[in-house]
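1. below are the sequence and a predicted model; questions follow.
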Amino acid sequence: MQIKIKSSIIWRVLLGLVVVGIIAGNGFWLYRVRGGAGFGRGAGNAVENADVAELTLTVISAKDCKECFDTSELLSTIRESDKVKVVKDNTYDRDSRKGKKLIEQYGITRLPAVLINGNVEKIFDVASFTQNLGKQAEDGTLVMTNIPPPYLDLATGNVKGKFTAIYVTDKTCTDCYDIGLHKQALEGLLMIPAEEKFYDRAEEEGKRLIEAYKIIAVPTLLLQGEMDAFPQLQQVWPTVGTIEADGTYVFRSGLKQMGNYFDLKTNKLVKAELPESK
């Protein structure tokens with residue numbers, strides 16, 4: 001059974017880990033914790049004896065950006081904590097007078113953004129926050145600017161982080177790995193495609209993609225779009241695939257870590273030697 005995990009849920013796990021101060025330094029940790037296992041236990045132990053933090057939450061949004069990341073669910077991580085009292089909960093559009101003032105005051109370059117004021121040290125590991133989620137302003141406000149794409153780049157007025165995921169499969173290969181593993185990995189990197197396309201290798205478009213990108217094994221994944229908006233992907237992709245001349249990301253060498261796959265050169269199933277789970 002394929003497990004579907006929303007990026008907002010993963011982001012809540014990330015925010016929760018920053019709250020309790022146990023965040024790992026490597027962004028790729030999300031592959032390991034994407035299910036959120038152990039999060040509740042860690043949060044409870046870390047803040048059990050902490051004083052209640054009184055906070056003001058302020059969201060600066062772009063109402064004209066319908067595809068931008070929705071911050072409402074991730075902020076419930078803060079609101080639902082029994083160690084937090086939200087005294088004010090504000091939302092301002094970027095075109096409002098207050099929104100413009102806050103954008104200028106805190107040097108915000110992309111939206112949506114979240115400002116957290118109050119007793120932030122009581123509930124946040126500030127060092128982890130600034131490393132992973134944003135910055136702390138001179139007045140002590142935590143400025144959450146590293147919201148997952150898609151986001152609105154205020155310098156250009158363009159929405160960044162839209163991409164298409166293309167899955168090339170082989171419906172005759174019943175022993176090949178589940179293509180859904182790619183979707184889980186993308187979600188683990190907080191990447192939700194604007195569009196998904198599925199092609200079998202026997203279809204015309206599947207054949208075209210295989211020929212155009214010299215694909216030698218299936219199933220596989222191709223990514224097209226604004227991939228530079230995802231720094232976590234830039235870190236890991238050189239170990240699993242290639243970037244073609246037209247900017248398409250093609251999953252290649254990582255096949256051995258995914259499971260069984262079909263070799264198009266030998267026309268044989270290649271069985272992966274995966275480590276046994278303990």
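-> Thanks, I have the structure now.
2. quick check: closest non-adjacent residue to the residue positioned nearest the centre of the chain.
-> Taking CA atoms, centre = their mean, the centroid of the chain lies closest to L190, which sits 1.0 Å from it. Sequence neighbours aside, P148 is the residue nearest to L190 in space, at 4.1 Å (criterion: CB to CB, 6 or more residues apart in numbering). Any C-beta I mention is one placed from the backbone N, CA and C, and that applies to glycine too.
3. starting at the chain centroid, how far to the host helix or strand of Y92?
-> Element membership of Y92, judged by DSSP states H and E, is strand 84-93. Remark: strand 84-93 is offset 24 Å from the chain centroid, using CA atoms, centre = their mean, to the nearest Å.
4. for the record, mean pLDDT for stretch 63-82?
-> Taken as a whole, stretch 63-82 has a mean pLDDT of 84.
5. pLDDT wise, what is the residue nearest to the centre of the chain at?
-> On the pLDDT scale, L190 gets 77.
6. thinking K265 is in contact with I216, fair?
-> Yes - K265 sits in contact with I216 when judged by CB atoms under 8 Å, with a separation of 5.5 Å.
7. looking at the two, which is more packed in?
-> Legend: neighbour count by other CB atoms under 10 Å for K265 and I216, higher for I216 (15 against 7).
8. how close does the more buried one get to V168?
-> 11 Å (CB to CB, to the nearest Å).
9. kindly report the same for D246.
-> Taking CB to CB, one finds D246 at 16 Å from V168.
10. ok, L255 - how many residues close by?
-> 24.
11. how about P150?
-> 19.
12. contact partners for K207?
-> R201 (CB atoms under 8 Å, 6 or more residues apart in numbering).
13. how far away is it from Y213?
-> 12 Å.
14. try V114
-> 39 Å.
15. pretty sure the residue nearest to the centre of the chain is touching Q232, no?
-> Yes - contact criterion CB under 8 Å: L190 and Q232 qualify, at 7.2 Å.
16. pLDDT value on I147, please?
-> Looking at I147, the pLDDT reads 82.
17. can you pull the phi/psi pair for R79?
-> phi -60, psi -30 (degrees, to the nearest 10).
18. number of residues surrounding the closest residue to it other than its chain neighbours?
-> Distances taken as CB to CB, 6+ apart put V86 closest to R79, at 5.6 Å, once the chain neighbours are dropped. Neighbours of V86 under the rule other CB under 10 Å: 16.
19. got a list of what V86 touches?
-> V86 neighbours (CB under 8 Å, 6+ apart): 55-57, 78-79.
20. mind listing the helices for the stretch 51-200 of the chain?
-> With DSSP state H, counting those that start in this stretch, the ranges of helices along the stretch 51-200 of the chain come out as 72-79, 97-105, 120-123, 126-132, 180-188.
21. would you map out the domains in this protein?
-> What the record gives for the chain is the domain set 7-153, 161-270, from automatic domain parsing.
22. those domains: lowest mean pLDDT?
-> Across those, the lowest-scoring stretch is domain 7-153, with a mean of 74.
23. returning to what we had before: isn't the residue nearest to L190 up against F69?
-> Yes - under the criterion of CB under 8 Å, P148 makes contact with F69 at 5.1 Å.
24. ok, back up a step: D246 and V168 - which one has more neighbours?
-> Counted by other CB under 10 Å, D246 and V168 do not tie: V168 has more neighbours, with 26 against 8.
25. tell me what that one is bridged to.
-> On DSSP bridges, the residues paired with V168 through beta bridges are Y199, T220.
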